[in-house]
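In: A predicted structure for the sequence below; I have some questions about it.
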Amino acid sequence: MRNVVLYQLLSLDGVAEEPSDWMAKADEALFENLGRVIGAQDAVLLGRGTYDYWVGYWPSSDNQPFADFINGTQKHVFTSTTPPETWSESSFVDAPAGAYVAELKRQPGGDIGIHGSISLARSLLEAELIDELRLVISPTVAGRGRRLFAGGDLHRFELLDLGRTTTGAIIAGYARR
């Protein structure tokens, strides 16, 4: 069975919205961690908002290692309408996310990633379909913005690994118990 892995940048107060001034500067440790996470993934789950935001940037980006990965990886986009802009390797899903992802996990392949897509990530956390959390926690308090963990039921995870960047960000991996 495949694992669903959520990779998320967070502030100390849990803000997961697109980082602007609150994310610590990227360094080699951050890029190495990202490379390990995406190196095991052969599919990505995206919400419509993230798709619409990213389709204007990533197809022409050379920001590595993520640009080659996201442009060449199968993207399952949850939406009830077809977006006006197309992006290679994208398929549009108008079905309940929980059932769709549960079936996708049963198919052969590598890890299934979630990058961004806060609402989708929350729904899959509640459905207990996320197997690993790969978090980068910036040493800043954002103060406002959408949070990844915004209520819901208790979920227990165990620490897989822990590291840090030279800029003080914590890199933490957790697996569902």
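Out: Okay, I see it.
In: remind me which residues of the chain are low pLDDT?
Out: Low-confidence segments of the chain (pLDDT under 70): 19.
In: what's the nearest residue to the most centrally placed residue in it if we skip its chain neighbours?
Out: Closest to where the C-alpha atoms of the chain average out (C-alpha atoms, centre = their mean) is His115, at 2.1 Å. Of all residues not flanking His115 in the chain, Tyr7 sits nearest, at 5.3 Å (C-beta to C-beta, 6 or more residues apart in numbering). Yep, even glycine has a C-beta here, placed from its N, CA and C like the rest.
In: off-centre distance for the host helix or strand of the one you found?
Out: Element membership of Tyr7, judged by DSSP states H and E, is strand 4-10. Strand 4-10 has its C-alpha centroid displaced from the chain centroid by 4 Å (C-alpha atoms, centre = their mean, to the nearest Å).
In: which strands and helices sit next to that strand?
Out: If you count contacts as 3 or more C-beta pairs under 8 Å, 6 or more residues apart in numbering; DSSP states H and E, strand 4-10 packs onto helix 28-39, strand 111-115, helix 118-126, strand 132-137.
In: isn't Asp161 right up against Ile170?
Out: No: distance between Asp161 and Ile170: 11.1 Å, which falls outside the contact criterion (C-beta atoms under 8 Å).
In: those two: who's more crowded?
Out: Using other C-beta atoms under 10 Å as the criterion, Asp161 and Ile170 rank with Ile170 on top: 16 against 12.
In: gap between Leu46 and Pro139?
Out: 28 Å (C-beta to C-beta, to the nearest Å).
In: so between these two, which is more surrounded?
Out: Neighbours of Leu46 and Pro139, each counted by other C-beta under 10 Å, are more numerous for Leu46; the result is 26 against 14.
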